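> What follows is a predicted structure for the sequence shown.
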Amino acid sequence: MQGDIHSIGKNIVATLLFPSGFEVFDLGEDVPIINFINKAKEIEADIIAASALLTITMPEQKNTVEKVKAEGMAAQVETMFGDSPCTAEWIKEIGGDGYAENAFEAVRVVHTLLGINE
Amino acid sequence: MYELITKEDIKIDKRKRIAKLTESLVKKCLEKAPSSFELYSRKGEKHVIGGDNLVISSGGGAIWILDLDTGEPRPTTKKDVEETSRLTDALEHFDLCSATGIPQDVKSTVVDVMAAEAMMINTSKPYLMAPADGEQARYIIEMAAAISGGMERLANKPLLLGVASPNSPLRLASHDLDVVSEFANNKLPITILNCTISGATSPVTVAGTLVQTFAEILSMAAVVQLINPGNPLLLGFCPACIDMKTAYATFGCPENALVSAAGTQMLRYYKLPSWCCASEVDAILPDAQAGYETVWNTLLSLITGMNVISGTGHLGAAGGSFEKLVIDNEILGGIKRILKGVEVTSETLAVDIIDAVGPGGHYLAHKHSREHLKNERWFPKISYKSNVEEWKKNKVDLWGMAKKEVFEILRTHQPEPLPRDIEEKIKSIAKKAERSILSTS
């Protein structure tokens, strides 16, 4: 999320998604929400996923969900979030579609969100 | 920050946003850093950080805690920070207090300010805080100054120690540099705490992790000295290894103990005070795994001369526990005894006594036993030390004993209260921070 340059959690998730056959566009770190939106539109993404290690960047996850809705993309794009301070309760509170406790779980959540078998 | 470093002999690649500090500049900066400094409790007790001194702090930053009643993990609350601070206030081997948990029942952008408020009111021991950003650091410093009676007094007799970390590999993040700036601009001591994850954000080898760790902490230390030459400084390690089965950052590994121990030796070479999160573990319960992970990390670091240890009261996966604080207090008591070593004098060698007692005699009621017992022996508080028949009567394990101790302390112990007006001031600073930060986030 914007304001957060911690990238290792995101890197691990991306690394594990790739061999499962998913196409991952890694937008890097310290990413403004508009970049997620633009890229998702450009590639017709199924999922927008983002991590926040810092407590101070967690609100950006909420803003992402709101932006996806505001752009009228909610029917096409699922949102999923994670990293250390994030909990399932938090993701539910902000209206995110998916949450994973760790990277392996994240791969399972992606399958579930897209309704495909592992 | 950019203006600060452009004045110096630093090669800057603006496009790649990389500044390379020369060896001579870093050396010049490190020479200005004091080899020791002092921290004070609000009652005026002094703790020297550096040299051959050992100072013990409770650990900070747990996002979940073992519920005292149910024994189940649950999200940490502000009330937990109040109670763990009060518990730390009572535990005799703890010199400093850190906010054990990151409260999950307050807004995420003000967690550190809320934790500081809960802690400062509930212990008179010096405070350790790792604010996530400069703005929260500013409010926390303002709270500490309210206790000291102004910024100047706080700088002269600091009762607050800050923590900021490099972002491995090889980066200094702006939110961490903001924290460093807030502390150094106010002449307050700051810890540069390295948090590498070996195999993920640092080399998988211990030696390689050490090389990268020192590149990171020494460059951040140089920044501190560029902001305020002579600023009190502490360098340290909270090393983790990535677990290749779970892709999780794990803290209780023996390799981490080696990073901290070798790092201590390096810092003694640089004549700088050292710190490590020695009691970080991966066990989710205060069980045998929690015990051995704590001991191998703590004992090895302390034998090599570590100055400050933290991470106490923690469990795995960023967890915390009231009972683990009490257990760590017990472990540290035993380790302090080990560090005292073997006293060798004609009195302790006891050759005449051995001769006088003779073959088949005993030492039970001997004057020599009475005279040396208290100095030679460590007296545990919660460890089991009797026979199996005695154990069968209550069947209580260490976790149970620790829980009993926690309840007793929380029932009876009250910290030295802050004067009413200062407590109100701290609460009003917290409210002001909440209003201001939440209005912008």
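Good, I have the coordinates.
> Quick check: which ranges of the chain have low pLDDT?
In the absence of a named chain, this looks at chain A. Across chain A, not a single residue meets the criterion (pLDDT under 70).
> You answered for a different chain; I wanted chain B.
By pLDDT under 70, the weakly predicted segments of chain B are B:1-2, B:6, B:441.
> Would you mind naming what in it lies close to chain A?
Within chain B, the positions near chain A by Cβ under 8 Å from any Cβ of the partner chain are B:63, B:75, B:102, B:104, B:108-109, B:111-112, B:132-133, B:136, B:167, B:171, B:173, B:175, B:197, B:200-201, B:246-248, B:318, B:441. Quick note: C-beta positions are derived from backbone N, CA and C, even for glycine.
> Buried members of these into ChimeraX, please.
Applied in ChimeraX, the following selects the buried portion of these according to 16 or more other Cβ atoms under 10 Å in any protein chain shown:
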select /B:63,75,102,104,108,109,111,112,132,133,136,167,171,173,175,197,200,201,247,248,318,441
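> Cross-reference the residues of chain B next to chain A with the strands and report the matches.
B:75, B:197 (DSSP state E).
> who are the neighbours in contact with the one residue in the stretch 201-350 of chain B that gets nearest to chain A?
Residue of the stretch 201-350 of chain B nearest chain A, by Cβ to the nearest Cβ: B:A247 (4.4 Å). B:A247 makes contact with A:12, A:16, A:102-104, according to Cβ atoms under 8 Å, 6 or more residues apart in numbering or on different chains.
> and what of B:L87?
B:322, B:325-326, B:406, B:409-410, B:413.
> Tell me the buried residues within these.
Neighbour-count burial (16+ other Cβ under 10 Å) applied to these gives B:322, B:325-326, B:406, B:409.
> and of these, the nearest to B:Y384?
The closest of the buried ones among the contacts of B:L87 to B:Y384 turns out to be B:V326 (Cβ to Cβ; 14.4 Å).
> That closest one is in contact with B:A402, isn't it?
Yes. Judged on Cβ atoms under 8 Å, B:V326 makes contact with B:A402 at a distance of 4.3 Å.
> Need the residues touching each of those two.
With Cβ under 8 Å, 6+ apart, B:V326 and B:A402 have common neighbours B:I382.
> thinking again about what came up before, the residues of chain B next to chain A in helices, which ones?
Counted as lying in helices by DSSP state H, out of these, are B:111-112, B:136, B:175.
> With distance to B:P126 as extra columns, can I get the residues you listed in CSV?
Compiled in CSV, those are given as follows (distance: Cβ to Cβ, whole Å):
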residue, distance to B:P126
B:V111, 21
B:D112, 17
B:Q136, 19
B:H175, 24
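> And those, which is closest to chain A?
B:V111 (5.0 Å).
> didn't the closest one look like it was pressed against A:M58?
No. Taking Cβ under 8 Å as the definition, B:V111 is not a contact partner of A:M58, at 9.6 Å.
> Assign B:E31 to helix, strand or coil.
Three-state call for B:E31 (DSSP: H, G, I helix; E, B strand; the rest coil): helix.
> residues from chain A in reach of chain B?
Checking chain A against chain B by Cβ under 8 Å from any Cβ, the hits are A:3, A:5-6, A:8, A:11-12, A:16, A:54-56, A:58-59, A:84-85, A:87, A:89, A:102-104.
> Show residues contacting stretch B:381-400.
For stretch B:381-400, contacts defined as Cβ under 8 Å, 6+ apart pick out B:285-287, B:291, B:323, B:326-327, B:329-330, B:333, B:401-402, B:404-405.
> can you rerun that using 6 Å?
For stretch B:381-400, the surrounding residues in contact (Cβ atoms under 6 Å, 6 or more residues apart in numbering or on different chains) are B:286, B:323, B:330, B:401-402, B:405.
> Export only the CA atoms of it, formatted as CSV.
C-alpha atoms of stretch B:381-400 as CSV (Å, rounded to 0.1, in the frame of the first residue of the first chain):
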residue,chain,number,x,y,z
LYS,B,381,9.9,-18.1,42.5
ILE,B,382,7.7,-20.3,40.3
SER,B,383,9.9,-23.3,39.2
TYR,B,384,9.0,-26.7,40.7
LYS,B,385,11.6,-28.0,43.1
SER,B,386,10.1,-30.8,45.1
ASN,B,387,9.3,-34.5,44.8
VAL,B,388,6.7,-36.3,42.8
GLU,B,389,4.3,-37.0,45.7
GLU,B,390,4.2,-33.3,46.5
TRP,B,391,3.5,-32.6,42.9
LYS,B,392,0.6,-35.0,42.8
LYS,B,393,-1.2,-32.8,45.4
ASN,B,394,-1.8,-29.9,43.0
LYS,B,395,-0.5,-31.1,39.6
VAL,B,396,0.4,-27.5,38.6
ASP,B,397,2.8,-26.9,35.8
LEU,B,398,5.0,-23.8,35.1
TRP,B,399,2.3,-22.1,33.1
GLY,B,400,-0.2,-22.5,36.0
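> sorry, back to before: which of the contacts of B:L87 lies closest to B:L267?
B:L267 has its nearest neighbour among the contacts of B:L87 in B:L325, at 26.6 Å by Cβ to Cβ.
> Pick out the residue closest to the middle of chain B.
In chain B, the residue lying closest to the centroid (Cα atoms, centre = their mean) is B:S310, at 2.2 Å.
> Where does the closest residue to it other than its chain neighbours sit: helix, strand or coil?
Excluding its sequence neighbours, the residue lying closest to B:S310 (Cβ to Cβ, 6 or more residues apart in numbering or on different chains) is B:S57, at 4.3 Å. Assigned by three-state DSSP, the conformation of B:S57 is strand.
> Let me see the backbone angles for A:D83.
Dihedral pair for A:D83: phi 100, psi 170, per degrees, to the nearest 10.
> Tell me if I'm right that it and A:K10 touch.
No. The criterion here is Cβ atoms under 6 Å, and A:D83 misses it with A:K10 at 7.8 Å.
> Do a quick rundown of the strands in chain A.
Under DSSP E, chain A gives strands at A:47-51, A:78-82, A:98-99.
> any chance of these in TSV, with distance to B:A356 too?
Listed next are these as TSV, based on distance: least, Cβ to Cβ, whole Å:
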stretch	distance to B:A356
strand A:47-51	71
strand A:78-82	70
strand A:98-99	72
